[in-house]
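Colleague: any chance you can model this:
(one chain, ligands or ions: 1)
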Amino acid sequence: MNKGLSENVLRKRLDASIRSLGCGKPMIEGSLSAIRVTCGNPNCRCAKGEKHISHILTCKVNKKTKSVYVPTDMVEEVTAWVEEHRRIKKKLKEISALGEQLIKQHVVVRRAVAKNFKLQKESPQT
Ligand SMILES: [Zn+2]
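Modeller: Okay, the predicted model is just below:
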């Protein structure tokens with residue numbers, strides 16, 4: 001069996017991960033993409049094939065794709081929100097994985113301690 005990292009090391013890593021989560025920055029779930037659209041004005045250049053570029057943020061909610069139009073002057077900002085959401089999501093997975101390791105490690109240590117205690121009780125006194 002994989003001995004794994006000690007509980008102390010895991011707890012330190014967990015603390016570091018939680019701290020690196022950071023707080024206070026906006027975030028949003030989804031992916032931002034550029035699409036080509038027509039505005040509907042028959043006299044516009046888009047009607048002749050020179051379409052406008054529009055940005056949408058798409059996200060799956062209850063297995064349905066939801067999309068939100070993102071105004072051009074917000075694209076940069078929303079891109080940062082999307083990146084922040086991805087970073088946090090990754091961190092949360094990391095924190096869960098560390099927590100799982102810690103639980104398993106704790107069980108291993110507790111069993112070893114119990115076994116050791118039993119051995120001491122069984123060994124004859126000197
Ligand atoms: Zn147009």
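Colleague: what separation do you get for the residue positioned nearest the centre of the chain and residue 83?
Modeller: Note on the chain: the residue nearest the mean C-alpha position is residue 89, at 1.0 Å, using Cα atoms, centre = their mean. As defined by Cβ to Cβ, to the nearest Å, residue 89 lies at a distance of 11 Å from residue 83. For glycine as for every other residue, the C-beta is placed from the backbone atoms N, C-alpha and C.
Colleague: what of residue 45?
Modeller: Distance, residue 45 to residue 83, by Cβ to Cβ: 33 Å.
Colleague: and what of residue 9?
Modeller: Distance of residue 9 to residue 83, given as Cβ to Cβ: 30 Å.
Colleague: now do the SS call for the residue nearest to the centre of the chain.
Modeller: Classification of residue 89 by DSSP: H, G, I helix; E, B strand; the rest coil places it in helix.
Colleague: burial check on residue 13, number of neighbours?
Modeller: The number of residues packed near residue 13 is 17, by other Cβ atoms under 10 Å.
Colleague: for the one 3 residues further on, same thing?
Modeller: By other Cβ under 10 Å, 11 other residues sit near residue 16.
Colleague: in a strand, it, correct?
Modeller: No - per three-state DSSP, residue 16 lies outside any strand segment and is helix.
Colleague: where does pLDDT dip in this protein?
Modeller: Scanning the chain with the threshold set as pLDDT under 70 gives 1-3, 23, 124-126.
Colleague: can you find which strand in it contains the most residues?
Modeller: strand 52-61 (DSSP state E).
Colleague: what angle do strand 52-61 and the helix or strand just after that strand make with each other?
Modeller: Heading C-terminal from strand 52-61, the first helix or strand you meet, by DSSP states H and E, is strand 64-70. Angle between the axes of strand 64-70 and strand 52-61 is 140 degrees (criterion: axes from the mean of the first three to the mean of the last three Cα atoms, to 10 degrees).
Colleague: the inter-axis angle of whichever strand or helix holds residue 93 versus strand 64-70?
Modeller: Secondary structure from DSSP H and E places residue 93 in helix 75-122. On the basis of the same axes, to 10 degrees, helix 75-122 is oriented at 130 degrees to strand 64-70.
Colleague: I am finished for the moment; much appreciated.
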